Structure formats: structure tokens, C-alpha cells
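**Q** Provided below for reference: sequence and predicted model.
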Amino acid sequence: MAVPAKSGKPSGKKGKASKKEKNGVNAAQVLQERQAAVRQLKVDYIESCAELHTEPHKGVLQTIEQAMAALQSEGKDELNRFIVSDGAWSGPAAYAFFNVVASFPGIKILCFWQFQLTPQAFTALAAAVPKMRELTTLQLTGCQIGPSYEPMLLGMLEQCGPSLQKLVLDFNPLGPMLGPVMQRFRHVTSFSARFCEAQGDACAAGLVAALNRGLVELDLTGNPLGSTLLPYLAEQLTTNQMLRRLTIGSAEMRSGLAITHFARAVMWENKTLEFLDFRGNHGAPDAFQVLSDGVKARQERVRAKEAVPIVVKITERVPTAVFTTIYATETGMAKKKAKKAKA
């Protein structure tokens, strides 16, 4: 008896393709579309540069080409960030970049490191960033952003959507502009402005506003904030339940009374702060003794399940007994936390 010829229909019930086969077809189609999009991005960027009479940035081209290679060889989509460093952009160069990148899907991280942006270039950036709806991280480090950039920077922050969670403005001469900056961002949960020449009294109102909006990580290292900022921090941390990491190292905080008040708020009142970096602030030894006693009090609150463990980093210039007590106590809290996590 002759064997019927195969119909050529796909496998699966009633000749339909299986779910696994459909998923494979869909994945292959998505990969092909992404490959085509990345190839087109390179073409569009080169054409945009030509139209604006500027040279393509080598780092940008390299990022796109590496993403193309990863897609072709491994099927991995790695084009989720652009890091531009060591150079400068005029207006045309910035517009050539943002005209094509701002609408490209999947870009989550945008970094400019030690990269000078002219006012015209920053105007292009400020107009493009709010349009990048998937952007989660914006780093503008050492870009010479000063007071003259304030209207553009503040306008950009007011327009950014909820996707932007991390903002880094380290090593820019922001000065008194730091306060208004912290007042403007609405959805940022992690903010860093290290060595930005900001005074404490100028950024106090912005600090309060940022903490009230749900800031989780804050780094103001290297700013001459002085002890005037500590009372504001102490008042906020008494009730704040959102901030997890606070770094205020080398901030010229020397007042023994202010440090004591701050230590009491953090260790005896706050429940959720997990990390405090206070290094480089050389206050009175008695004040640091209060901080040391506070760490031990925090340990007791952790045992009573009234607060989370905390790591405290302080200057090495304090008395040895104070330094040793803080280190040993926080180490004990960390071990208990690790043991609980394994359980």
C-alpha cells in the first residue's frame, strides 16, 4: 500500500504552527528589524552630520558599529546607551547627533564625560532629552555647565518624564544653581552633584524639595556646604522614609553642635537610611563620640526590628576608639543582614 505523501503543513494540532515555532519566528523577525534599524541609524547619523557640515563623532560611530556586530554575531541587542567623552561639541555637532538619536528606541543611558558642550550644543541636548521616553540615566560629568546654563537645564528637568531616574552633574561649576536644580526634577530618585562649588545655604530649599519628592540616593561630596546644611538634613531625616544612601564627604562640616544634632536624627530617629559617608568632615571629637554612640543605638533598634542596618564612613582623624567602635558595630549589623538574607 502506498504511503501518502506529506502535505508540507507545519507541525502541531490541525496543521497549525506550535507556540514554540511561532515564538521562534517572531524572535527572528524582531532581530532582523532591530538590525535594520541600527544600520539605518548609522546612515542617518552620517547624513545628518553632512547636512549640518560637521564631522561624525568617532565614539558615536564606534558604539553603533559595535552594536551592529553584536546583533549579527550573537543576536544581542546592546545599543541601549551612548557614552561620549573627551572632546567638545558645537551646536551643529550636537544637533546632528540628537536629530537621529532622540527618537531611536531603546536608549536608556546617555553620558557625556569630560565633554564640553557649548551653549548651542546644550540647547540641543535640553530639547532632545525630554523626548527620550525610555531614558533612565543622564550623566553630564565635567561638561563646564555653569550659571549661564541655568534656564536650559531647569527647563529640561521640568519637561522630563518619569523614566529619568538617575541624574549625575559631577564636576560642573553649578554654584548657587544647585538648589534650583534639585527643586526642578520631579521623578529623579538618584542624584549626584560632586564638587560643584555649591554652598549649603543656597541649596537648602532644593534639598528639602528633593527629599520630599522621594529621593533615594544623594551624593554632594566635595561641595563647601558647611554646617548650615546639617540642620535641614537632620529635620528631614527624622521623618524621611525614602532616602537610603547619603554621601556628604569633604563638605566642610565642622560644627560640633550641628554634627551632634544630625547624628541624633540619623541614628535615633531615622529608620531607613542604609549608608552614610561623612568622610573628610573634621568636627569636634565629642560630636563624633555622639555619632559612635548613635551607631550602637541603631544596632539595638535593628535587633528590635525598628530600623534597618546602616554603614557609616567617617574621617580617620577621630579618636581610635570612636573609629573602631563604629567599624565593629556596623560590621556586626552587616553580618546580621547577610545572615537574614540567606535564611
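**A** Looks like it came in fine. Numbers count the residues shown, from 1 in each chain.

**Q** poorly predicted segments of the stretch 1-150 of the chain, please.
**A** Within the stretch 1-150 of the chain, the ranges that satisfy pLDDT under 70 run 1-25.

**Q** how many neighbours does Asn80 have?
**A** Neighbourhood size, Asn80 [other Cβ atoms under 10 Å]: 13. Using the backbone N, CA and C atoms, a C-beta is placed for each residue, glycine as well.

**Q** what about the nearest residue to it once chain neighbours are set aside, how many neighbours?
**A** Nearest residue to Asn80, sequence neighbours excluded (Cβ to Cβ, 6 or more residues apart in numbering): Lys108, at 4.8 Å. Counted by other Cβ under 10 Å, the residues lying close to Lys108 total 13.

**Q** which parts of the stretch 201-343 of the chain are strands?
**A** Taking DSSP state E, counting those that start in this stretch, the strands of the stretch 201-343 of the chain run over residues 217-219, 245-247, 275-277, 311-313.

**Q** with distance to Gly256 as added columns, please give those in JSON lines.
**A** Shown next, in JSON lines, are these (distance: least, Cβ to Cβ, whole Å):
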{"stretch": "strand 217-219", "distance to Gly256": "23"}
{"stretch": "strand 245-247", "distance to Gly256": "20"}
{"stretch": "strand 275-277", "distance to Gly256": "17"}
{"stretch": "strand 311-313", "distance to Gly256": "17"}
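
**Q** from what I can see Ile259 touches Met253, true?
**A** Yes - between Ile259 and Met253 there is a contact at 6.5 Å, judged by Cβ atoms under 8 Å.

**Q** which residues do the two both contact?
**A** By Cβ atoms under 8 Å, 6 or more residues apart in numbering, Ile259 and Met253 have these common neighbours: Ser227, Leu230, Asn281, Gly283.

**Q** dump the residue contacts of Glu306.
**A** Neighbouring residues of Glu306 by Cβ under 8 Å, 6+ apart: Lys271.

**Q** what does stretch 77-85 contact?
**A** By Cβ under 8 Å, 6+ apart, the list of residues contacting stretch 77-85 from outside reads 34, 38, 41, 57, 59-60, 63-64, 66-67, 70-71, 101, 106-115.

**Q** please save the CA atoms from stretch 313-320 in PDB.
**A** What follows is stretch 313-320 as a C-alpha-only set of coordinates in PDB (Å, rounded to 0.1, in the frame of the first residue of the first chain):
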ATOM      1  CA  LYS A 313      32.100  56.100  56.900                       C
ATOM      2  CA  ILE A 314      33.800  58.800  58.900                       C
ATOM      3  CA  THR A 315      37.200  60.600  58.900                       C
ATOM      4  CA  GLU A 316      40.200  58.800  60.100                       C
ATOM      5  CA  ARG A 317      41.100  61.800  62.300                       C
ATOM      6  CA  VAL A 318      38.700  60.900  65.000                       C
ATOM      7  CA  PRO A 319      39.900  59.100  68.200                       C
ATOM      8  CA  THR A 320      40.800  55.500  67.500                       C
END
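
**Q** pull the contacting residues for Ile64.
**A** Taking Cβ under 8 Å, 6+ apart, we find Ile64 in contact with Val38, Leu41, Lys42, Tyr45, Leu79.

**Q** so which elements touch the host helix or strand of the first one?
**A** This points to Val38. Per DSSP states H and E, Val38 falls inside helix 19-51. Judged by 3 or more Cβ pairs under 8 Å, 6 or more residues apart in numbering; DSSP states H and E, helix 19-51 is in contact with helix 58-73, helix 91-101.

**Q** so which residue is smack in the middle of the chain?
**A** For the chain, the residue lying nearest the average C-alpha position, counting by Cα atoms, centre = their mean, turns out to be Lys166 (3.0 Å).

**Q** number of residues surrounding the residue lying closest to Lys296 once chain neighbours are set aside?
**A** Distance criterion Cβ to Cβ, 6+ apart; nearest residue to Lys296, sequence neighbours excluded, is Thr329 at 5.5 Å. By the criterion of other Cβ under 10 Å, Thr329 has 21 neighbours.

**Q** with Glu274 instead?
**A** Glu274 sits with 16 neighbouring residues when counted by other Cβ under 10 Å.

**Q** the residue nearest to Asn80 against Thr137, yeah?
**A** Yes - counting by Cβ under 8 Å, Lys108 does reach Thr137; the two are 6.7 Å apart.

**Q** and which of the shared contacts of Ile259 and Met253 is nearest Val311?
**A** Closest approach to Val311 among the shared contacts of Ile259 and Met253 (Cβ to Cβ): Asn281, at 16.4 Å.

**Q** is it true that the closest one touches Thr247?
**A** No - counting by Cβ under 8 Å, Asn281 stays clear of Thr247, with 11.4 Å between them.

**Q** looking at these two, which is more packed in?
**A** Each of Asn281 and Thr247 has its neighbours counted (other Cβ under 10 Å); Asn281 has more, 23 against 20.

**Q** still on that earlier bit, make JSON lines out of the helices and strands packed on helix 19-51 and add distance to Gly222.
**A** As requested, the helices and strands packed on helix 19-51 are exported to JSON lines (distance: least, Cβ to Cβ, whole Å):
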{"stretch": "helix 58-73", "distance to Gly222": "27"}
{"stretch": "helix 91-101", "distance to Gly222": "28"}
